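Peer 1: next come a sequence and a model predicted from it.
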Amino acid sequence: MTPLEERIGYKFRNSLLLAEALTHPSVRHETLGQGFDNQRLEFLGDAVLQLVITVHLYKRFPEAAEGILTKFRARLVSKDRLKLYSARLGLGGYLLMGRGEEASGGRERLSSLVDAFEALVGAIYLDDGWKAAERFILEVTHEDLDKIEEDSRFDENPKGRLQEILQSISPMSPVYEVVAEKGPEHERIFDVQAIWQGVVLGHGSGSHKQQAEFEAARDALQLRRWEKKL
């Protein structure tokens, strides 16, 4: 096995697929279009990644609504997360790229690392099918999947979750303040901010105050600004 194959825990039957997954488009540019690059595999890998995560979330959270599942998936396959997964595997160090691209920091570039990760997924899928790709994806993302499962218990009640966290720090509860009302009377939109100990923790909008408060609490849970006071 190559060092990268050992790192990802997968041995390719067709080593050319791995080489293709690691070939940046700048190589073709510098060789006047000769050879291959990883863009076709990236296209395939993106679809495989989306489907694997979608199926897994659908089975893991049988009671979750479509909107919640969509949000979970977006967190797992965002470009920032894919860059993180790629960096954990050290894919940037294995990329074949043109001299100009490398000199300009291409090995650390967001697009290079995201494309490489998705291309690697596509290569594994072509090399050994769905199960192999699924095993790889779920292994790489398992920490985030576990975190999502922990967070999902409170997703339907973000205000309760926020209050629970803050009251573990101080007896003071968060306060929700309407800062603006927009639109005509029959299509009113409320803007609300969640405040705790003088700190604005988050903002939210909704067609009624309760919805806006829920969104402000969700925003606060993501930003975690209370940690700056600790």
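Peer 2: That came through fine. All figures in this text were calculated on a predicted structure; none of them were measured in a lab.
Peer 1: domain-wise, how is this protein divided?
Peer 2: Residue ranges of the domains in the chain are recorded as 3-152, 158-229, according to automatic domain parsing.
Peer 1: can you report how many residues lie near Gln39?
Peer 2: Neighbours of Gln39 under the rule other C-beta atoms under 10 Å: 16. Yep, even glycine has a C-beta here, placed from its N, CA and C like the rest.
Peer 1: before we move on, what about Ala87?
Peer 2: Using other C-beta under 10 Å, Ala87 is surrounded by 14 other residues.
Peer 1: that one falls within a helix, correct?
Peer 2: Yes - the assignment for Ala87 by DSSP: H, G, I helix; E, B strand; the rest coil puts it in a helix.
Peer 1: that one: what's it in contact with?
Peer 2: By C-beta atoms under 8 Å, 6 or more residues apart in numbering, the residues touching Ala87 are Leu113.
Peer 1: ok, it to Gly100 distance?
Peer 2: Look at Ala87 and Gly100: by C-beta to C-beta, to the nearest Å, they are 22 Å apart.
Peer 1: now do the contacts for Val121.
Peer 2: Gly45, Asp46, Val48, Leu49, Ala133, Phe136, Ile137.
Peer 1: my bad, should have said His142
Peer 2: Per C-beta under 8 Å, 6+ apart, neighbours of His142: none.
Peer 1: from now on call the first residue 32
Peer 2: In the new count, where the first residue is 32, that last one comes out as His173.
Peer 1: that one and Met32, how far apart?
Peer 2: Going from His173 to Met32 by C-beta to C-beta gives 22 Å.
Peer 1: measure the residue of the chain most remote from its centre to Ser238 for me?
Peer 2: Using C-alpha atoms, centre = their mean, the residue of the chain lying farthest from its centre is Glu216. It sits 38.2 Å away. The spacing between Glu216 and Ser238, counted by C-beta to C-beta, is 12 Å.
Peer 1: assign Phe221 to helix, strand or coil.
Peer 2: Applying three-state DSSP: Phe221 is strand.
Peer 1: show me the contacts for it.
Peer 2: Val209, Ala211, Glu212, Ser236, Gly237, Ser238, His239, Lys240, Gln242, Ala243.
Peer 1: so who does the first one touch?
Peer 2: With contact set as C-beta under 8 Å, 6+ apart, Val209 has these partners: Phe221, Asp222, Val223, Lys240, Ala243.
Peer 1: and the domains of the chain as a markdown table, adding mean pLDDT?
Peer 2: Formatted as a markdown table, those follow (pLDDT from 0 to 100):
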| stretch | mean pLDDT |
| --- | --- |
| domain 34-183 | 91 |
| domain 189-260 | 89 |
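Peer 1: excluding sequence neighbours, find me the nearest residue to Glu165.
Peer 2: Using C-beta to C-beta, 6 or more residues apart in numbering and skipping residues adjacent in sequence, the residue nearest Glu165 is Val83, 5.1 Å away.
Peer 1: what segments of the protein are strands?
Peer 2: Counting by DSSP state E, the chain has strands at residues 206-213, 220-227, 230-237.
Peer 1: any chance of JSON lines for the ones you listed, columns distance to Ile179?
Peer 2: What follows is those, written out as JSON lines (distance: least, C-beta to C-beta, whole Å):
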{"stretch": "strand 206-213", "distance to Ile179": "26"}
{"stretch": "strand 220-227", "distance to Ile179": "22"}
{"stretch": "strand 230-237", "distance to Ile179": "19"}
